[in-house]
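>>> dropping the sequence and predicted coords here.
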Amino acid sequence: MHKAHIQDVLKKLSKKCDYLEIRVEEYAVCDILVKGKKVEVLREAMELGGCARAYHKGGVGFSSFNTLDEMEAFAKLAVEQARLVGREKTNLAPAPVVKADVKAVIKTDPRSIPLTKKLDILKGYSELILSADPRIPLSSVRYRDSFKTVYFGNSEGTLISQERMDVGANIAAIASDGSQTQMGHIGTGSSVDFGCIYGQEERVKEACRTAAALLDAPPVKGGVYTIIIDPHLAGTFVHEGFGHISEAEKVYENKHLYELMKFGSEFGRPIFNVYDSGVTPGSRGSIVYDEEGIKTEKTYLIRDGKLCGRLHTRETAGKLGEKPTGSARAMDYHFPPIPRMRNTCIEAGKSTFAEMLEGIKEGVYAVDAMGGQAEEIFTFTAGHAFMIRNGKLCEMVKNVTVSGNLFSTLKNIDMIGNDFVQQEGAGGCGKGDGWKFQFPLPVASGAPHIRIQNLVVSGK
Amino acid sequence: MKDIINIAMKKVDEADIFQMRTKRTLVCFENGRLKEIDTIENVGMAMRVVRKGRIGQVVFTDNEVAPGMIDKAVAIAELGDKATFKFPKPAKCAKLALSHPDTGAFDAEKMVPIGQKAIDMLREYEPNIMCGCSLAKTFTEVTVANSNGVCESYNRGEASFGIGGELIEGKDILQIGKVYRGIAPCTDHEAVTRECIDDFRVGRIPSGIPTGKHPVIFAPAALGDVLMSFEGSVNGDAVARKLSPLTNKKGQKILDERITITNDSLRPDGILSQPIDDEGVPSQSTVIIRNGVLENFITDLRSATETKLPLTGNGSRMKPFEFVKYYGAGVAPSMTNLVFSGGKMSYEEMIRATKCGVEVHHITGILLGNLINGDFAGNCEVAFKIENGKRVGRVKDTMISGNFFQLFKDNVIDLSREQIWSGSFGGTAGSFLIPYAYLKDVNLAAR
């Protein structure tokens, strides 16, 4: 029904602009939040909405709406707005015309799991946390699943319907001694299997031990250190520290940044390889077609330390004379697609953890990511950390926030582990300014342990 | 709305609905030229039902699915949280003028030439700046209704203007941006753009400061950043969860006596003013800190009931991390307009009084820290070195950290006379009326 409607509107309007696309999204979401013994959020949502985006002479018009009966009027508005803006030339990278109906391939469908069953599992984790340590009075178990059907058509003849499933949970133990609170947490997620929610008990127990131990841990002393970061934090680091600058809209009209980001430029030592993949089986970052109808792929961004790729929409690819990468993504129908990451990874290297510790007189082993933020200077916060002295892991420390300049820091990665771990969680990536902020887009990351020289650690 | 409540009441004991309709026009200049015009017209609603003392919640965008969603809500209520609170009864709400006539008339045709002029000004100063500019007007029409007979609507208008850019020199990337957001369109775009140019002028000169404790001037935007850690601890939700370090400190002096902080939902010039909150509770002005003494927490129905704190009408459906009203978000206490008292010095006097220090405009990474106990740490994304009473260059690769409560109790030199509508992340931009804060002995860690 939606496809025919989209096709009909496109037929009427496509001659009035260089390019027109219409997307309709229909989705059901289940949100659960268990805190302590209470089910604080138990909510189901059903959304139906659409958007239209037009290009004319390089200008863009976009509209978003919920009244699908008015799809034609809103698409017309997008066309008019594009015509008002356009003064140059529309330059979208060529794309094959695709006709496809993509069904989600699901192992265990969250929609088949009764709400009571979901709640029982989540409450189980919460109880596990509350009984772990007397100093852990609080737990937070956040769960979300969604099933979305996206209908997409453009004026070139592409017409796709795609189903997308997403499920994930973040589980946190919060310890308190009256004057401070500390947290240990884990995440799990999948695009194909509700099963990822099961069997997290051992990881949850470990998170509890961390939260309680952090109460007694001293804050790290600020300074410049050699840092080993664990695969989880390394994943966040590559996402924040490098992934975002690979998103091509930053580069495509900025000749200075383009110079800095020229293919072949040295970004790291020859041991450093980074890719962003939309095809990792089961990953929350995996998709089939992106929001411009481009088939997704695995895109190498850095090979042997040298820049070799970036993440494109058709527009950024067209303007730079490069190929689209299937990474034009939008959070939902409220937003137009922009270049986004999918599953961003540092490829495994050869070093062992023991080899990384060797020769560090005083350093920090940072574990687990609380999150990160990136501009030219990136910042990320470790869940917890340990001091390294004379090549040995020593006491736990807290409040480890590290930051650094992208360009120098990547070159300071001197060892890459052989212990790659794929990391899936709930939540996602946020990007954009002001009204264009899109959060949270499902993404994932993966990395082995890595060692970085000379990183600034903030402390007290 | 009343119809949906009536259908629901055949099956449940209590019900409330929050409906939100957003209409936005947005004009974007990217990389120095007009790029995109957007029109957003979205609508959605959230419904809570109480049945046998338990809550069920659903969200939907299409009225046609309402009967099915009511059944879903009933089913969810079987498993849901105990309703510790009652929905409010109708009460008198303040009459507020929430829209300025100029905002209604501020359309894309008017926005385009203003944006072009700002871009031209910035490029005239330095053609190598990759400039961006966005102009928007947004109308948010909210209706809150419940089974007790509350049915209140308002339509709030606002306009925004953002100008900024990125300048790359060598391997230094300098990003400067200034945002105006108010109930009426900005009347002096040139002044906002000039501020931006001034920051580029100083920011392109490399400078730095050694690791240690230094005097720091927090510009309103940076004070907004660190206020996020304050907001978390005066939130009734944190009290209900026994997480707030301030739980038992009501009546105690916790900040410098020159500091008064108010959450004012009724200010005529506040972009987040509203006659009722998102649960239908009448809005008010609440003094949180008076002369350094903790007087109130901000609460919604649930946290006020559970903690026995006064109800302040701060129940908000706020999108996490974006801090914008959103029908799909759950209810939690959240600030509306925050007013931080001014002091005696002027901003210029603060600069002149500083021999060696830093003026911080934007800190990144604050949201990644612990937002409840006042600790903050982040990177000085936009910060300037002050030397002998003058801003001399940019401080970069430097982390700033501390505890809000310690710093604003013991280390305040003064607050500026000037108070500026500013903010921090997302929707808080333009909703905090705050001064420059001049502090001594702030931790800075440089490479």
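Happy to help now that I have it. Here the structure is a predicted model, which is why all the values come from computation and not from measurement.

>>> and the helices in the stretch 101-250 of chain B?
B:101-104, B:108-125, B:189-203, B:220-233, B:236-240 (DSSP state H, counting those that start in this stretch).

>>> closest to chain A out of these?
Closest of the helices of the stretch 101-250 of chain B to chain A is helix B:108-125, at 6.9 Å (criterion: Cβ to the nearest Cβ). In short, each C-beta sits where N, CA and C put it, glycine included.

>>> which other helices and strands contact the closest one?
Secondary-structure packing of helix B:108-125 (3 or more Cβ pairs under 8 Å, 6 or more residues apart in numbering or on different chains; DSSP states H and E): helix A:71-85, strand B:14-30, strand B:33-51, strand B:130-146, strand B:151-169, helix B:189-203.

>>> what ranges do the helices span in the stretch 251-400 of chain B?
B:301-307, B:347-353.

>>> quick one: the host helix or strand of residue B:72 near chain A?
Under the criterion of DSSP states H and E, residue B:72 resides in helix B:66-79. Yes: contact of helix B:66-79 with chain A (Cβ under 8 Å from any Cβ of the partner chain) involves B:69, B:72, B:75-76, B:79.

>>> quick one: mean pLDDT over stretch B:207-223.
When pLDDT is averaged over stretch B:207-223, the result is 95.

>>> next, the buried residues of it.
B:207, B:209, B:211, B:214-223 (16 or more other Cβ atoms under 10 Å in any protein chain shown).

>>> who's in contact with residue 329?
This is for chain A. A:287, A:290-291, A:337-340, A:342, A:441 (Cβ atoms under 8 Å, 6 or more residues apart in numbering or on different chains).

>>> wait, chain B was what I had in mind.
With Cβ under 8 Å, 6+ apart, residue B:329 has these contacts: B:46, B:317-320.

>>> which among those end up buried?
B:46, B:317-319.

>>> sorry, back to before: now the residues of helix B:66-79 next to chain A as TSV including pLDDT and neighbour count?
Output for those, formatted as TSV (pLDDT from 0 to 100; neighbours: other Cβ atoms under 10 Å in any protein chain shown):
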residue	pLDDT	neighbour count
B:69	95	24
B:72	95	23
B:75	95	15
B:76	95	24
B:79	94	18
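
>>> before we move on, the earlier item: could you work out the most separated pair of the contacts of residue A:329?
For these, with distances taken as Cβ to Cβ, the pair at the greatest spread is A:287 and A:338 (14.4 Å).

>>> please tabulate the buried residues of stretch B:207-223 in CSV, including the columns distance to residue A:105.
Shown next, in CSV, are those (distance: Cβ to Cβ, whole Å):
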residue, distance to residue A:105
B:207, 56
B:209, 56
B:211, 53
B:214, 57
B:215, 60
B:216, 55
B:217, 57
B:218, 52
B:219, 52
B:220, 51
B:221, 47
B:222, 48
B:223, 51
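
>>> from residue A:340, how far off is the residue lying closest to residue A:261 once chain neighbours are set aside?
Leaving out its chain neighbours, the residue that sits closest to residue A:261 by Cβ to Cβ, 6 or more residues apart in numbering or on different chains is residue A:251, at 5.1 Å. Noted for residue A:251: a distance of 15 Å to residue A:340, by Cβ to Cβ, to the nearest Å.

>>> who's more crowded, those two?
residue A:340 (26 against 23; other Cβ atoms under 10 Å in any protein chain shown).

>>> contacting residues for that one?
A:247, A:311, A:327-329, A:429, A:431, A:441, A:443.

>>> switch the cut-off to 6 Å
A:327, A:329, A:441 (Cβ atoms under 6 Å, 6 or more residues apart in numbering or on different chains).

>>> now do the strands in the stretch 201-350 of chain A.
Remark: strands assigned in the stretch 201-350 of chain A by DSSP state E, counting those that start in this stretch are A:223-229, A:274-277, A:298-303, A:306-307, A:328-329, A:338-339, A:343-346.

>>> which parts of the longest one are buried?
To tie it back to what came earlier, the one meant is strand A:223-229. The neighbour-count check on strand A:223-229 (16+ other Cβ under 10 Å) flags A:225-229 as buried.

>>> which one among those gets closest to chain B?
Chain B has its nearest neighbour among the buried residues of strand A:223-229 in residue A:225, at 11.1 Å by Cβ to the nearest Cβ.

>>> may I have the beta-bridge partners of the closest one?
Assessed by DSSP bridges, residue A:225 has beta-bridge partners residue A:455.

>>> enumerate the residues of the stretch 101-250 of chain B near chain A.
Residues of the stretch 101-250 of chain B lying near chain A by Cβ under 6 Å from any Cβ of the partner chain: B:130, B:136, B:168, B:171, B:173, B:243.

>>> I'd say the second one and residue B:26 touch.
Yes: Residue B:136 sits in contact with residue B:26 when judged by Cβ atoms under 6 Å, with a separation of 4.4 Å.

>>> residue ranges with poor pLDDT in the chain?
I'll assume chain A. Applying pLDDT under 70 to chain A picks out residues A:371, A:374-376, A:459-460.

>>> ah, I was thinking of chain B
Those would be B:367-371, B:426, B:447, if you go by pLDDT under 70 across chain B.
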